[in-house]
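1. pasting the sequence and the predicted model now:
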Amino acid sequence: MSVENLQGWRRGWALPDRRPIHDWARDFVQLGGGYARQGAFDIRTCRHLLEPFEAVADERVREVTCRAAIQTLKTLFVEICSLWAIANEPGPIMWTQQDDESAAEHVKGRYRNLLRNCEPVARLLPKNKHDAATCEIYFGDFYIIINGANLNNLQSKSIRWKLNSECWLWKQGLLTHARRRVSAYARDGISKILNESQGSQDGDDFDRLWHDGTSQAWSVQCFGCGTFQPLVFFGRAEGEAAKRACVVWDENAKRDNGQWDEQKVRASTRWLCPRCGHEHTNSAGTRAKWNATGRYSAPRSDRDGKHRSFNWNALLAEDLGQLAVEFIQAGEFKKRGQIAPLRDFYMQRLALPWRNEEQQITRATVELRGDYLLGEFQEKAAERIENEARRMMTIDRQRDHFWAVIRAWRSDGGSRLLWRGKISTTEQAEEVRARFGVEPQLCFEDAQFSTAQVYEDCIRYGWTALHGSGEDSFAHLGRGGQKVQKFFSSIKQTQVPGGYARYMFWASDPVKDILAALVAGTSHPWECGRDHGEEYARHLRGEIKRERISKATGRSEWRWTKQGPNHMWDCEAMQVAVALALQLIPSPEKHDENHILQPAVVGH
Ligand SMILES: [Zn+2]
């Protein structure tokens, strides 16, 4: 008897387990080292998964879509459903994640152990190694394939269980291909699609899919009036639109300088019922009660219920004071042109869709500040300004001339323009650098064009080359081996005729966002001198932000686009890139979420 037949025969004798998925999971799903809460799965600690599990088991439901905060067990939800399907509702399973690499990492990192530790699944696992490649496991007459979201992977196979993870990262159009894979099983009424993601971009594939479903929000019972209210971060008091509700903190929790006092914000944060104004203390006790009695809002009445969609966010698991402080900090970064923390807060923490609010900024009226004269520095070029930390020179190379900017930076992010202008030769550029006392390695030349000549300059004069890049960020290895994303690369070296040239990449669009906030005056003091001149001002108006469709993702995005002479704008952008690298301008460090393991949600 072949292995396949034997396994089919054995399964034929095992009665499917008809208990609810979470009961089955308590007996058979063992959480190992990859999870903060280890041991048997316990639905009582994460009751927000109860209704989604019921929807998966409901034979009338064809599709379940969860939009959820990071670290609130959304991946575990899909993992458990897949184990349950293998043991109780077998059929071809395809689990598609953001890309092939992260899919393989997920299997090796924790999913394989879940399979092995789940007894009803473990006894189906193939003994033959050829049947168990990392991401394709054959259980005799069916299989599970775990792959990345690309067109190749999503064509041709007929699938009963189609699991789709982290859909906010998928290229537009792929979700449709993925969901089509079940059509043969859908005709028999036994197909199932599970979609899971944090908040995505407003109006994209995943956002529209979620709204196509029953659109149900995790809701908690108010300790005051007893009504169920969606557990959300932003809200307004009913009948009193001016009054904030939901997560609120002391409006007076500010220091004398007008900045929020984070300690006071943390200490005063609470959750206000939008209906009756009852104040729920920010405590583990409140979260435990919410967990015990919470449920989802009613399904939308204009939906047929075959597609259930659920939304839950970080409020059910996280300290509310922590969330309030994150929101406040994100707002501060936004003023400085750094939008990513606020976007992450919406998408990762609140599990809400994010809408790019950027207007097509008309930069015709760029107003440049500074009540000093550049002319003054001709005499005292090398003299330091008050509290100066570093000064940099940045050079934009053209075919037969150069544009350059010298700026002195203070350690608090403030800066003062010292020199700007056009230069004919590298020798002249070097002369200007030396006159202003800029350290050679802090003289940066744009290497996008005539790269070989730029490297030559860098070796001759000890300058550093810069490459503007369309990347959003660059990975750095932080302490403890964790990946951290920054707007610039580490300094690299390359061997060219004549020696080694130093160079660095910088993320053009996010850095220009920061520059735009400096120019607009909403960020650190950024001075230009009264006599900066019309040509400098014209170059600073030389780029505007325009919306376009990204080739890589198919989503809309805003990119800085040249609309006139922009060389000194580029020089100023390079100044900002270096100021970020030297930590003269604060920058949020984005950790790679894939390397953070999901903790258990609610403690006892
Ligand atoms: Zn109430």
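-> Great, that's in hand.
2. show me what contacts the nearest residue to Gly498 once chain neighbours are set aside?
-> The shortest distance from Gly498 to any non-neighbouring residue, by C-beta to C-beta, 6 or more residues apart in numbering, is to Ile459 (4.8 Å). Where C-beta positions appear, they are placed from N, C-alpha and C, glycine not excepted. By C-beta atoms under 8 Å, 6 or more residues apart in numbering, Ile459 lies in contact with 496, 498-501.
3. highest neighbour count among those?
-> Ala501 (23 neighbours; other C-beta atoms under 10 Å).
4. what's the spacing between Arg303 and Ile144?
-> As for Arg303, its distance to Ile144 is 30 Å (criterion: C-beta to C-beta, to the nearest Å).
5. which one's more surrounded, these two?
-> A direct count of neighbours by other C-beta under 10 Å for Arg303 and Ile144 places Ile144 higher, at 24 against 16.
6. mind listing the residues bridging to the nearest residue to Val438 once chain neighbours are set aside?
-> Sequence neighbours aside, Met393 is the residue nearest to Val438 in space, at 4.5 Å (criterion: C-beta to C-beta, 6+ apart). Judged by DSSP bridges, the bridge partners of Met393 are Ile406, Cys443.
7. the ion contacts on the protein?
-> Residues of the chain found near the ion, taking C-beta under 5 Å from the ion as the criterion, are 222, 224-225, 273, 275-276, 278.
8. need the buried ones from these selected in ChimeraX.
-> Buried subset of these, written as a ChimeraX selection, criterion 16 or more other C-beta atoms under 10 Å:
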select :222,273,275,276,278
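9. please list all residues in contact with Thr269.
-> 247-249, 282, 320-321, 323-324.
10. tabulate those residues (JSON lines), appending neighbour count and pLDDT.
-> Putting those into JSON lines (neighbours: other C-beta atoms under 10 Å; pLDDT from 0 to 100) gives the following:
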{"residue": "Val247", "neighbour count": "21", "pLDDT": "98"}
{"residue": "Val248", "neighbour count": "18", "pLDDT": "98"}
{"residue": "Trp249", "neighbour count": "22", "pLDDT": "97"}
{"residue": "Asn282", "neighbour count": "23", "pLDDT": "98"}
{"residue": "Leu320", "neighbour count": "24", "pLDDT": "98"}
{"residue": "Gly321", "neighbour count": "20", "pLDDT": "97"}
{"residue": "Leu323", "neighbour count": "22", "pLDDT": "98"}
{"residue": "Ala324", "neighbour count": "23", "pLDDT": "98"}
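11. can you list which of those are found in helices?
-> Filtering the contacts of Thr269 for membership in helices, criterion DSSP state H, returns 320-321, 323-324.
12. what does the strand or helix carrying Leu83 rub up against?
-> In the assignment (DSSP states H and E), Leu83 maps to helix 74-88. By C-beta under 8 Å, 6+ apart, the residues outside helix 74-88 that reach it are 16-17, 21, 24-25, 28-29, 31, 35, 41, 49, 52-53, 56-57, 66, 68, 91, 93, 95, 106, 111, 114-115, 118, 120-121, 124, 139, 144, 161, 163, 165, 192, 194, 196-198, 598.
13. could you list the low-confidence segments of the stretch 501-604 of the chain?
-> 590-604 (pLDDT under 70).
14. would you map the strands across it?
-> 526-527, 543-549, 556-562, 590-591 (DSSP state E, counting those that start in this stretch).
15. how is this protein carved up into domains?
-> The chain breaks down into these domains under automatic domain parsing: 3-212, 218-349, 376-591.
16. what's the closest of these to Arg355?
-> domain 3-212 (3.9 Å; C-beta to C-beta).
17. so which of the contacts of helix 74-88 sit within helices?
-> Mapping these onto helices (DSSP H) picks out 21, 24-25, 28, 52-53, 56-57, 106, 114-115, 120-121.
18. ok, these vs Ser490, which is closest?
-> His106 (27.8 Å).
19. which one is the closest one nearest to, not counting chain neighbours?
-> The nearest residue in space to His106 (C-beta to C-beta, 6+ apart) is Gln97, at 6.3 Å.
20. now the one you found: how far from Ile70?
-> Counting by C-beta to C-beta, the gap from Gln97 to Ile70 is 14 Å.
21. the more surrounded of the two?
-> The residue with more neighbours, out of Gln97 and Ile70, is Gln97; 28 against 18, by other C-beta under 10 Å.
22. the more buried one reaches Ala104, doesn't it?
-> No. Counting by C-beta atoms under 8 Å, Gln97 does not reach Ala104; the two are 9.3 Å apart.
23. give the contact list for the residue of the stretch 301-450 of the chain found nearest the ion.
-> Ranked by C-beta to the ion, the top residue of the stretch 301-450 of the chain for proximity to the ion is Leu315, at 15.8 Å. The contact partners of Leu315, by C-beta under 8 Å, 6+ apart, come to 231-233, 247, 271, 323.
24. so which residue is dead centre in the chain?
-> Residue closest to the average C-alpha location in the chain (C-alpha atoms, centre = their mean): Asp344, at 5.0 Å.
25. and that one, which of the three is it?
-> Classification of Asp344 by DSSP: H, G, I helix; E, B strand; the rest coil places it in helix.
26. in TSV: the residues of the chain next to the ion, plus pLDDT, secondary structure and distance to Glu357.
-> Shown next, in TSV, are these (pLDDT from 0 to 100; DSSP: H, G, I helix; E, B strand; the rest coil; distance: C-beta to C-beta, whole Å):
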residue	pLDDT	secondary structure	distance to Glu357
Cys222	98	coil	32
Gly224	98	coil	35
Cys225	97	coil	34
Cys273	98	coil	29
Arg275	97	coil	30
Cys276	97	coil	33
His278	98	coil	33
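27. measure stretch 23-32 end to end?
-> Taking C-alpha to C-alpha, to the nearest Å, the first and last residues of stretch 23-32 lie 18 Å apart.
28. where do the helices sit along the stretch 301-450 of the chain?
-> Using DSSP state H, counting those that start in this stretch, the helices found in the stretch 301-450 of the chain span residues 320-335, 340-344, 376-379, 426-435.
29. before we move on, back to that, and the contacts of helix 74-88, which are buried?
-> Taking 16+ other C-beta under 10 Å as the criterion, what is buried in the contacts of helix 74-88 is 21, 24-25, 28-29, 31, 35, 41, 49, 52-53, 56-57, 66, 68, 91, 93, 95, 106, 111, 114-115, 118, 120-121, 124, 139, 144, 161, 163, 165, 192, 194, 196-198, 598.
30. mutual contacts of Gln97 and Ala104, please.
-> Listed as contacting both Gln97 and Ala104 by C-beta under 8 Å, 6+ apart are Ile146.
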